[in-house]
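S.K.: Predicted model and sequence follow; I will ask about them next.
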Amino acid sequence: MRIGVITFPGTLDDVDAARAVRYAGAEAVSLWHGDHDLQGVDAVVVPGGFSYGDYLRAGAIASLAPIMREVVDGAAKGLPVLGICNGFQILCEADLLPGALTRNEKLHFVCRDQALRVENADTAWTSGYGAGEEIVVPVKNAEGRFVAAPETLAEIEGEGRVAFRYVGGNPNGSTNDIAGVTSANGRVVGLMPHPEHAIDLLTGPSVQGLGLFTSVLAAV
Amino acid sequence: MGPFTLVPVTEFDSRPAVDTVSQAAATPDTVQPWKELGLKEDEYARIREILGRRPTDAELAMYSVMWSEHCSYKSSKVHLAYFGETTTDAMREKMLAGIGENAGVVDIGDGWAVTFKVESHNHPSYVEPYQGAATGVGGIVRDIMAMGARPIAVGDPLRFGPADAPDTARVLPGVVAGVGGYGNSLGLPNVGGEVVFDPSYAGNPLVNALCVGAMRTEDLHLAFASGAGNKIILFGARTGLDGIGGVSVLASETFGESTGRKKLPSVQVGDPFTEKVLIECCLELFHAGLVVGIQDLGGAGLSCATSELAAAGDGGMHIDLDRVPLRAAGMTPAEILSSESQERMCAVVTPENVDAFLAVCAKWDTIATVIGEVTEGERLVIDFHGETVVDVPPRTVAHHGPVYRRPLERGAHQDELARNTPDTLPRPEAPSELRAEILRMAASPNLCSRAWVTDQYDRYVRGNTAAAQPADAGVVRVDEETGRGIAVATDCNARFAALDPYAGAQIALAEAYRNVATSGAVPLAVTNCLNFGSPEDPHVMWQFAQAVRGLADGCAQLGIPVTGGNVSFYNQTGTTAILPTPVVGVLGVIDDVAARIPSGFRNAGDVVVLLGRTHEELGGGEWAHVVHGHLGGTPPTVDLEAERRLAELLAAQSPTGTHDLSDGGLAQALVEASLVGGQGARVTLPGHDPFVALFSESTARVLVTVAPDAADGFLAAAAAAGVPAERLGEVGGSVLEIANVGELPLDELRTAWEGTLPALFDA
């Protein structure tokens, strides 16, 4: 099982995502933003950071990078893709996921341990959880407020495509407390919180983030 | 127009006239703006004497920035020498690079070396809080990179005026956003720091930035240019008009005076994305063995990098300024040399490695340009448009600046301060009064939760943070295989330093040392950031000299070396100086970060033990400050031998939890241990006077918790080690219950502790 982890210039959590992949028992494969090559990986993680500085809209430039064309093509064929934080923003910009992420309600960066409820445990990245299970993972972002057009929102809520919801306090003003969403086929998942920072009690608030990385092992 | 007049670039419709070396030799009587550039008359005369002619505009710009207080340490040098004099060979044993390098480097074992440093960015942060703080982080990170290390953590000791002052509402949110905006974008965990409020910082906030880096010992890089024919490569961002004159004007003049105001818009603008890429690019260059010497461009820009690299090497240097990639057209040589545009580095590379070097930079889309080479001889020669505009002995620029032995005077008011003891201040007596004062203290700006600030910083990135704020020290894993890591803490109580700068510096050292020890690490090395008023004020100079001696003597007593530091003078508004603020950083090593000691009360049933002895010591303390607005008397007694015994006991006995006693005394330590650890406790206060037990700030004290079956053994070990230890009670429940004082439900404490900063700054 080989899982690709993309590095754009400005990507920060690629080492963490690769570590989480290894903790889950898979091989982490480094993918470079400028390449048109997924190196035959079985799944892809688009990690957090500030790709290309995010001086335009967060994720907007990265969504057009050469490697993302391959990811978009792969996703169309069912390749499991996980976007975390900036990765989520990139997947939204690439139209792999619905909605958009805007400036946090209080307009500043928020880093804290956050409780989430797994709303959909039938995706490639959440099958290891029980529906309704609550987990604690760090959230850290300045532009994490999920928004979507009313009809889009009705659609993702109606189709059960909310993957994770904030519980015990919404850190950024996200609509309907949405922390993460999934594609219609459940293969692409994006979330603002950082499961890769919750895989070891030495360095994180829990080990409950590891489930995303172990879930995908069963999906390919 | 003078060389430092900022003019919109569009006004240059032709190439500006350039002052060349030959022109300077031919026109000795040209009047030069040395005074406006911050030079004294005798300093200007000395430059003429060194060169045997008047300096060119470009040379004058170089000398004026490099001889500024900020770059030359001209007022502090004679005192800083004492650090060297008091460092023994035994203390040097683990030191791989020390004072004078970009940052000190210590050996932490297993082939790992760690470098760390704190630097000030005070004045720019007052003018432009966001960019001032952001570029402060950027600058210290490049210092660490220049040693060959990967930056692994940052931290920020910050000081502001009164928490409720309107200008603090302008400065603090900007500074915090700047620290976070830059550091978060670099992917560096922020693991600690300080937030302190005091009226003395109202017009002069202190923004100090700490960075820690790690490397394999063989990767250590030093800043020098040697080997004639080796190429000088400038890489990173382009050079622009930002930050010109920042060093000489912003960092070396006092606010409130009329001179220099017109240049204040020149605070640098940071681009953290470029710096993040530069970090990865530099590390790839180091690992490929493509770098002979390296230097970051910070204060004084290319003036500093070229003169310091050349001065530290074995030859001269030739630079062609036309090759420097510019951000603006029509820049003069003086502007190019003085620009403090951020995110730039300068490397010395052998000719055969130039192509490989440029290829790595191209991979990271980093602009890299060969701008010159190391030459035979001893001159730094800089050409522009085919003519020589600088021809100087580099050491005269970088190292042979003026040295001042400024007058010192203790000042009569120092005795008045000492006589004004807190002994007669009304004290709470009834249990209800004591209880109310515990809550009031916990909610006060200097003691309340810093979460509003620190939650704007990423503490998780890179997945190696084993402890971060609100822990006493940040703990970061360096080696993922072995778990080897470091702990770092910075501290200073400037009120103690105001009462007695010698003791105050030692208390800062003792507290940082103790904080590192409470995390389970062994203290190894010291850095500092010495923030003071004007060196031209004899009383300030006395404070500075005392603080340096106190710190150096303290380090010698503890057997850990000062590996580097930073001096920031002229922190004052008009004639009123800030409280003397010698911020001390201590770095420790921990063999396996998994063995770190957590902060606070974690396990119900654990025994609570107070280590150390409590005396009635309230002078300069938080209680007198919060309740009475009082500053006077003498600071707590320093006992570094007791600190050392305490640290050794903690390292040997590994309690289940710890919390240092400092600002606010035992009362605050109990509150924080409960809230941070998530468990209440039932305790009985030591001694006969509950007020003194709660609020005295005696040093060398730590609150620890021990498993019930280990308690007797722990107390016996403490006795054997000569550490006073007293069993106070037991962890558990959702209430902090203090015998003869009352019950403090954790919910009530949390509301008090956590509400203050959001109420002030969430407007």
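M.R.: Received, thanks.
S.K.: For the rest of this, base every contact and every neighbour count on C-alpha atoms.
M.R.: OK.
S.K.: quick one, phi/psi of B:Leu241?
M.R.: Torsion angles at B:Leu241 (phi, psi; degrees, to the nearest 10) stand at phi -90, psi 0.
S.K.: Also A:Pro193?
M.R.: phi -60, psi 170.
S.K.: so what's it up against?
M.R.: A:Ile84, A:Cys85, A:Gln114, A:Val137, A:Pro138, A:Val139, A:Lys140, A:Ala179 (Cα atoms under 8 Å, 6 or more residues apart in numbering or on different chains).
S.K.: Most widely separated two among these?
M.R.: The largest separation in the contacts of A:Pro193, counting by Cα to Cα, is between A:Ile84 and A:Gln114 at 14.6 Å.
S.K.: out of the two, which sits in the busier spot?
M.R.: A side-by-side neighbour count of A:Ile84 and A:Gln114, using other Cα atoms under 10 Å in any protein chain shown, places A:Ile84 first with 26 against 20.
S.K.: mind checking pLDDT for that one?
M.R.: We have a pLDDT of 98 for A:Ile84.
S.K.: Also B:Asp365?
M.R.: On the pLDDT scale, B:Asp365 gets 94.
S.K.: now A:Thr7, nearest residue through space, not along the chain?
M.R.: A:Trp32 (5.3 Å; Cα to Cα, 6 or more residues apart in numbering or on different chains).
S.K.: Please list all residues in contact with that neighbour.
M.R.: A:Ile6, A:Thr7, A:Phe8, A:Ile67.
S.K.: and the residue nearest to the third one when sequence neighbours are not counted, how many residues sit next to it?
M.R.: Here the nearest residue to A:Phe8 in space, its sequence neighbours aside, is A:His33; by Cα to Cα, 6+ apart that works out to 4.9 Å. Other residues near A:His33 number 19, with proximity taken as other Cα under 10 Å.
S.K.: Just give the closest residue to the most centrally placed residue in chain B, not the sequence neighbours.
M.R.: By Cα atoms, centre = their mean, chain B has its centre lying nearest to B:Val118, at 2.5 Å. If the residues on either side of it in the chain are set aside, B:Val118 comes closest to B:Leu210, at 4.2 Å by Cα to Cα, 6+ apart.
S.K.: Now the phi/psi pair for the one you found, please.
M.R.: The phi/psi pair for B:Leu210 (degrees, to the nearest 10) is phi -110, psi 140.
S.K.: Surely it touches B:Ser120?
M.R.: No. Counting by Cα atoms under 8 Å, B:Leu210 stays clear of B:Ser120, with 9.0 Å between them.
S.K.: what helix or strand is B:Leu524 on?
M.R.: strand B:522-531 (DSSP states H and E).
S.K.: which other helices and strands contact that strand?
M.R.: strand B:112-120, helix B:501-518, strand B:562-568, strand B:581-590 (3 or more Cα pairs under 8 Å, 6 or more residues apart in numbering or on different chains; DSSP states H and E).
S.K.: tell me the angle the helix or strand following it makes with strand B:562-568.
M.R.: As assigned by DSSP H and E, the chain's next helix or strand after strand B:522-531 is helix B:538-558. Helix B:538-558 runs at 170 degrees relative to strand B:562-568, counting by axes from the mean of the first three to the mean of the last three Cα atoms, to 10 degrees.
S.K.: so helix B:538-558 versus helix B:501-518, what angle?
M.R.: Using the same axes, to 10 degrees: helix B:538-558 against helix B:501-518 is 40 degrees.
S.K.: and the residue of the stretch 1-150 of chain B found nearest chain A, how many neighbours does it have?
M.R.: Taking Cα to the nearest Cα, chain A has its nearest neighbour within the stretch 1-150 of chain B at B:Tyr130, 12.6 Å off. B:Tyr130 has 26 neighbouring residues, counting by other Cα under 10 Å.
S.K.: Look up how far B:Asn571 lies from the residue nearest to the centre of chain B.
M.R.: Distance of B:Val118 to B:Asn571, computed by Cα to Cα, to the nearest Å: 17 Å.
S.K.: same check, this time on B:Glu194
M.R.: Distance from B:Glu194 to B:Asn571, by Cα to Cα: 18 Å.
S.K.: In terms of neighbours, single out the busier of those two.
M.R.: Remark: of B:Glu194 and B:Asn571, B:Asn571 carries more neighbours, 31 against 21, as counted by other Cα under 10 Å.
S.K.: Wait, the more buried one touches B:Ile578, no?
M.R.: Yes. Contact criterion Cα under 8 Å: B:Asn571 and B:Ile578 qualify, at 6.1 Å.
S.K.: Just give me the residues shared between the contact sets of these two.
M.R.: B:Asn204, B:Phe532, B:Gly533.
S.K.: now, which of these sits nearest B:Thr86?
M.R.: Closest to B:Thr86, out of all of those and judged by Cα to Cα, is B:Phe532, at 22.3 Å.
S.K.: count of residues packed around the spatially closest residue to B:Gly401 that is not a sequence neighbour?
M.R.: Using Cα to Cα, 6+ apart and skipping the chain neighbours, the partner closest in space to B:Gly401 is B:Trp67 (5.3 Å). When neighbours are defined as other Cα under 10 Å, B:Trp67 has 25 of them.
S.K.: now B:Thr30
M.R.: Counted with other Cα under 10 Å, B:Thr30 comes out at 9.
S.K.: Mind checking what secondary structure it has?
M.R.: coil (DSSP: H, G, I helix; E, B strand; the rest coil).
S.K.: Just to be sure, the residue of the stretch 1-150 of chain B closest to chain A is in a helix?
M.R.: Yes. Counting by three-state DSSP, B:Tyr130 is found in a helix.
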